[in-house]
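*Asks:* Task: produce atomic coordinates for the following.
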Amino acid sequence: MKYISILILLTFCLISCQEKDELEIANQYYKSGDYKKAIEAYNKHLEMKPAHEIAIYNRGRAYEELEQYEKAVDDFLRVIEINPRNIGAYLSYGKHFYREKDYKNAAFQFEKAYKLNTNSSQSATLLARAHHKAGEVDNAMEYYNIAINNDKDNAEAYLYRGALKLHLNQSGGCNDIQMAKNIGYEGADDLYNQYCK
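*Replies:* Okay, here's the model as predicted:
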């Protein structure tokens, strides 16, 4: 009986270590930009743990990198089904709508993420960008302000709030673009040179 218990314990450890290794391997492939191999490794991991939220989400991101957007969306929706509080899945799903220029639905998904964590500067920025693209300038300005209040180094929020202020002929637009420039946001120099010199 003692040997059977040890055998069961060793088998469990072997399976557990193998699952961890496969996930780590998949994540390494993802980080190195080998998205096809990452997907293969995530699929192997998911054979053992079909509802593993992180593996499904990361596989969705890999599909997204390969521009296999339908598969990516399927994974993001699956993650939301498993865990309706997964902020990353809402943001990724919202980015799908944003990419499709469906800014209303993008904002709807970004708002879900934002409501789950109102301290998230990233969620507020994406929500502001979707409102901005939809022409809802008051909402856009509100969420750019929130994004900056949540993270004083959010260069993207400064840049686009500055651009919106310039568009609305409000003061402070060039100051915001200068802030984005100081933080090192790509494109801020060009925008500043074009509109603020």
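
*Asks:* Quick check: phi and psi on the closest residue to Ser121 other than its chain neighbours?
*Replies:* Closest residue in space to Ser121, ignoring its immediate chain neighbours: Asp151 at 3.5 Å, by Cβ to Cβ, 6 or more residues apart in numbering. Any C-beta I mention is one placed from the backbone N, CA and C, and that applies to glycine too. The phi and psi torsions at Asp151 (degrees, to the nearest 10) take the values phi -150, psi 100.

*Asks:* Neighbours of Asp151, how many?
*Replies:* Asp151: 17 surrounding residues under other Cβ atoms under 10 Å.

*Asks:* repeat for Glu22
*Replies:* Residues near Glu22, counting by other Cβ under 10 Å, number 21.

*Asks:* Now whichever strand or helix holds it: average pLDDT?
*Replies:* Per DSSP states H and E, Glu22 falls inside helix 2-32. Regarding helix 2-32, the rounded mean pLDDT is 63.

*Asks:* okay, the helix or strand just after that helix in PDB with CA atoms only?
*Replies:* Per DSSP H and E, the first helix or strand lying C-terminal to helix 2-32 is helix 35-48. Coordinates of each C-alpha in helix 35-48 appear next as PDB, following Å, rounded to 0.1, in the frame of the first residue of the first chain:
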ATOM      1  CA  TYR A  35       3.600  32.400 -32.300                       C
ATOM      2  CA  LYS A  36       3.000  29.200 -34.200                       C
ATOM      3  CA  LYS A  37       5.100  27.200 -31.800                       C
ATOM      4  CA  ALA A  38       3.500  29.000 -28.900                       C
ATOM      5  CA  ILE A  39       0.100  28.000 -30.100                       C
ATOM      6  CA  GLU A  40       1.200  24.400 -30.500                       C
ATOM      7  CA  ALA A  41       2.500  24.400 -27.000                       C
ATOM      8  CA  TYR A  42      -0.600  26.000 -25.500                       C
ATOM      9  CA  ASN A  43      -2.700  23.400 -27.300                       C
ATOM     10  CA  LYS A  44      -0.700  20.600 -25.700                       C
ATOM     11  CA  HIS A  45      -1.100  22.300 -22.300                       C
ATOM     12  CA  LEU A  46      -4.800  22.700 -22.800                       C
ATOM     13  CA  GLU A  47      -5.200  19.000 -23.700                       C
ATOM     14  CA  MET A  48      -4.400  18.400 -20.000                       C
END
